[in-house]
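**Student:** Okay, sequence plus prediction incoming.
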Protein chains: 2
Amino acid sequence: MNKYAKQSPILVAVDCIIFGFDGYDLKLLLIKRGFEPEKNKWSLMGGFVQPNEKPEEAASRVLNQLTGLKNVYMEQLSVFGEPNRDPIERTISITYFALIDIKKYEKQLNDEYRAEWFPLDRIPRLIFDHGKMVEQAKQKLRYKAALHPILFELLPEKFTIPQIMTLYEQVYDVEFDKRNFTRKLRSTGLLIKQSDKDKENSKKGAFYYKLDKATYKEKFTKFLNFISNPAY
Amino acid sequence: MNKYAKQSPILVAVDCIIFGFDGYDLKLLLIKRGFEPEKNKWSLMGGFVQPNEKPEEAASRVLNQLTGLKNVYMEQLSVFGEPNRDPIERTISITYFALIDIKKYEKQLNDEYRAEWFPLDRIPRLIFDHGKMVEQAKQKLRYKAALHPILFELLPEKFTIPQIMTLYEQVYDVEFDKRNFTRKLRSTGLLIKQSDKDKENSKKGAFYYKLDKATYKEKFTKFLNFISNPAY
DNA sequence: GCAAAAGTGTTTATGCTACACCCATGT
DNA sequence: ACATGGGTGTAGCATAAACACTTTTGC
């Protein structure tokens, strides 16, 4: 059969908003764009969707190129489609956000993409509409993390409660009461206490926990009310 | 400057999942596709994104073509991008869901698009991946309506509490206690009681209410906990 | 007068918030 | 011994859930 007549195809790209946590700070991974226009300006990692490639495959490929990581938590965010958002040629961009444990990031910084981790409150000016994409991703992260345990995707296999609490505090930009926070977290049944402690960050040491993966899967899509009245 | 070399553009379409409520039932608006392939099969209303048109403009245009309505509540859902989802030519589709009061629907049925309203539990087989799109939209509606007062977008200016309750019961496929439901709804401050009654649906008659638009705007983005433990 | 739907209150249980002190250890 | 961060309990309050009877009116 013939192709659809009279229709104009458009370039389709993906852009990844990559959040990472190193145990202390929540950060965003940005690259220095390697080609014109806006060469050498800070940018999200992105790429074009190839023929015979699903958009989510393109996003995984692009993320893997930059970080060396596979099987990363990724979620489709939304489409940016202003006709003139890219000055060279009309391109719509599908955004994805990814959550990774920075310690797993294997590539050297300053490699071919000249990538750097930026704390969320010190994001530089970004090209095109990438600033808006980041804002939307931050909002979605807050939204989703209030209801589902996605922030565990940012943590290593073994983590401590003070670490998780720091992470939540950075996502919501508030301070929590550690007694209430601990109680609520434990009540989810998601944590398995380990017998060893992290002694790097305090003298007394904080017990390590692991995620109960069965409970995690089971409860993931439920509304968990992690954060009662999140700013949104 | 030159265009991006070596990249393959793709057709970009929008498809609209149009929910409507007539005071009794929650329904979906479908059309009989007017061209090949899959001509005369049931389909979502859609269309191609034109040059110089934003995707959301395309969605509004397409919705207006079908219903005659403007300024309808619409929200971007997600992208469907499987390389072979359309057998004729690669096309990615951006889905939007729309909420409308069926009584406002102005066009005659069986016009050029041969559109019909289907109760949600009697959706026919749809072309391509449109069935998946509808499932995703139903899920998103449940998700969002549990936290934000979007279901009011389906109601006429004047509505009764039993009507809203029926609507919520259909969205979540459960029965609510009318005392608890009424109390919770009123506690939001979203309703303004009118002095007249709807006498069509009962002998006693149910008081009409209007939406308090200022409160609606103010509370829209807050988490309202309309439904405590929604199935999702 | 009766059938059909609207409207209204109370009690109980659960979850959330606020709040302060002791513990373990490295220096 | 002291400074640092980790860990724990309780009481008051607010919200949610369960539950049944009265009201209105068209027929």
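**Tutor:** That came through fine.

**Student:** rest of the way, CA atoms for contacts and neighbours
**Tutor:** Will do.

**Student:** Pull the number of nearby residues for the closest residue to residue A:220 other than its chain neighbours.
**Tutor:** Nearest non-adjacent residue to residue A:220, counting by Cα to Cα, 6 or more residues apart in numbering or on different chains: residue A:148, 5.8 Å away. Applying other Cα atoms under 10 Å in any protein chain shown, we find 19 residues neighbouring residue A:148.

**Student:** Also residue A:111?
**Tutor:** Other residues close to residue A:111 by other Cα under 10 Å number 11.

**Student:** tell me the secondary structure for it?
**Tutor:** Put simply, residue A:111 is coil when judged by DSSP: H, G, I helix; E, B strand; the rest coil.

**Student:** ok, and for the helix or strand where residue A:144 lies, which residues are buried?
**Tutor:** Element membership for residue A:144, per DSSP states H and E: helix A:130-145. For helix A:130-145, burial by neighbour count (16 or more other Cα atoms under 10 Å in any protein chain shown) applies to A:130, A:131, A:133, A:134, A:136, A:137, A:138, A:139, A:141, A:142, A:143, A:145.

**Student:** next one: stretch A:143-161
**Tutor:** A:143, A:145-156, A:158-161.

**Student:** Same question for stretch A:84-95.
**Tutor:** Applying a neighbour-count criterion of 16+ other Cα under 10 Å, one finds A:85, A:86, A:90, A:91, A:92, A:93, A:94, A:95 buried in stretch A:84-95.

**Student:** low-scoring stretches of chain A, by residue?
**Tutor:** Within chain A, the ranges that satisfy pLDDT under 70 run A:1, A:108-110, A:230-232.

**Student:** Mind doing that once more with 80?
**Tutor:** A:1-2, A:5, A:106-111, A:227-232 (pLDDT under 80).

**Student:** So which residues on it come close to DNA strand C?
**Tutor:** By Cα under 7 Å from any atom of the strand, the residues of chain A that approach DNA strand C are A:177, A:179, A:180, A:184, A:203, A:204, A:205, A:225, A:228, A:229.

**Student:** redo that, cut-off 6 Å
**Tutor:** Selection of chain A residues close to DNA strand C by Cα under 6 Å from any atom of the strand yields A:179, A:180, A:203, A:204, A:225, A:228.

**Student:** so what's the last one closest to, chain neighbours aside?
**Tutor:** What sits nearest to residue A:228 in space, not counting adjacent residues and going by Cα to Cα, 6+ apart, is residue A:146, at 7.5 Å.

**Student:** In contact with residue A:21, which residues?
**Tutor:** By Cα atoms under 8 Å, 6 or more residues apart in numbering or on different chains, the contact list for residue A:21 reads A:27, A:100, A:101, A:102, A:154, A:155, A:167.

**Student:** Identify the residues contacting the residue nearest to residue A:220.
**Tutor:** Neighbouring residues of residue A:148 by Cα under 8 Å, 6+ apart: A:219, A:220, A:221, A:222, A:223, A:224, A:225, A:226.

**Student:** run the last query once more with 10 Å
**Tutor:** Taking Cα atoms under 10 Å, 6 or more residues apart in numbering or on different chains, we find residue A:148 in contact with A:216, A:219, A:220, A:221, A:222, A:223, A:224, A:225, A:226, A:227.

**Student:** Same question for residue A:43.
**Tutor:** A:15-17, A:29-34, A:115, A:124-131.

**Student:** bridging residues for it?
**Tutor:** residue A:31 (DSSP bridges).

**Student:** hey, what's the residue in chain A that DNA strand D sits nearest to bridged with?
**Tutor:** Nearest residue of chain A to DNA strand D: residue A:206, at 3.4 Å (Cα to the nearest atom of the strand). Per DSSP bridges, residues listed as beta-bridge partners of residue A:206: residue A:198.

**Student:** Roughly how far does it sit from chain B?
**Tutor:** 33 Å (Cα to the nearest Cα, to the nearest Å).

**Student:** That residue: neighbour count?
**Tutor:** Residue A:206: 18 neighbours (other Cα under 10 Å).

**Student:** phi, psi of residue A:162?
**Tutor:** Phi and psi for residue A:162, reported as degrees, to the nearest 10, are phi -60, psi -30.

**Student:** gap between it and residue B:26?
**Tutor:** 47 Å (Cα to Cα, to the nearest Å).

**Student:** In terms of neighbours, single out the busier of the two.
**Tutor:** Each of residue A:162 and residue B:26 has its neighbours counted (other Cα under 10 Å); residue B:26 has more, 23 against 18.

**Student:** residues contacting the more buried one?
**Tutor:** B:19-20, B:101-102, B:117-121, B:154, B:166-171.

**Student:** mind listing what residue A:8 touches?
**Tutor:** B:9, B:10, B:11, B:12, B:48, B:49, B:50, B:51.

**Student:** If any of these are buried, put those into a ChimeraX selection.
**Tutor:** A single ChimeraX command selects the buried members of these (16+ other Cα under 10 Å):
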select /B:9,10,11,12,48,49,50
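
**Student:** For the residues of chain A next to DNA strand C, give me TSV that also has secondary structure and neighbour count.
**Tutor:** Output for the residues of chain A next to DNA strand C, formatted as TSV (DSSP: H, G, I helix; E, B strand; the rest coil; neighbours: other Cα atoms under 10 Å in any protein chain shown):
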residue	secondary structure	neighbour count
A:179	helix	8
A:180	helix	10
A:203	coil	8
A:204	coil	10
A:225	coil	18
A:228	coil	11
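
**Student:** And the contacts of residue A:43, which of them are buried?
**Tutor:** Looks like these have A:15-17, A:29-33, A:115, A:126-127, A:130-131 buried, using 16+ other Cα under 10 Å.

**Student:** Which two among those residues are spaced furthest apart?
**Tutor:** Within the buried ones among the contacts of residue A:43, two members stand farthest from each other by Cα to Cα: A:115 and A:131, at 16.6 Å.

**Student:** pretty sure the residue of chain A closest to DNA strand D is in contact with residue A:163, am I right?
**Tutor:** Yes - shown here, residue A:206 and residue A:163 form a contact pair, counting by Cα atoms under 10 Å, at 9.4 Å.

**Student:** in which helix or strand would I find the residue nearest to residue A:220?
**Tutor:** Residue-wise, residue A:148 maps onto no helix or strand under DSSP H and E.

**Student:** could I get stretch A:189-208 in CSV with only the CA atoms?
**Tutor:** Once non-C-alpha atoms are left out, stretch A:189-208 reads as follows in CSV (Å, rounded to 0.1, in the frame of the first residue of the first chain):
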residue,chain,number,x,y,z
GLY,A,189,7.6,-3.1,55.0
LEU,A,190,10.1,-2.2,52.3
LEU,A,191,13.2,-2.3,54.4
ILE,A,192,15.2,-5.2,55.6
LYS,A,193,17.6,-4.3,58.4
GLN,A,194,21.2,-5.6,58.0
SER,A,195,23.4,-6.4,60.9
ASP,A,196,26.3,-4.2,59.8
LYS,A,197,26.7,-0.5,60.0
ASP,A,198,27.9,2.4,57.9
LYS,A,199,30.7,3.9,59.9
GLU,A,200,31.8,6.5,57.4
ASN,A,201,29.4,9.2,58.3
SER,A,202,29.2,9.0,62.0
LYS,A,203,31.0,7.6,65.0
LYS,A,204,28.1,5.6,66.2
GLY,A,205,27.4,4.2,62.8
ALA,A,206,24.1,3.8,61.1
PHE,A,207,22.6,0.4,60.3
TYR,A,208,22.5,-0.6,56.7
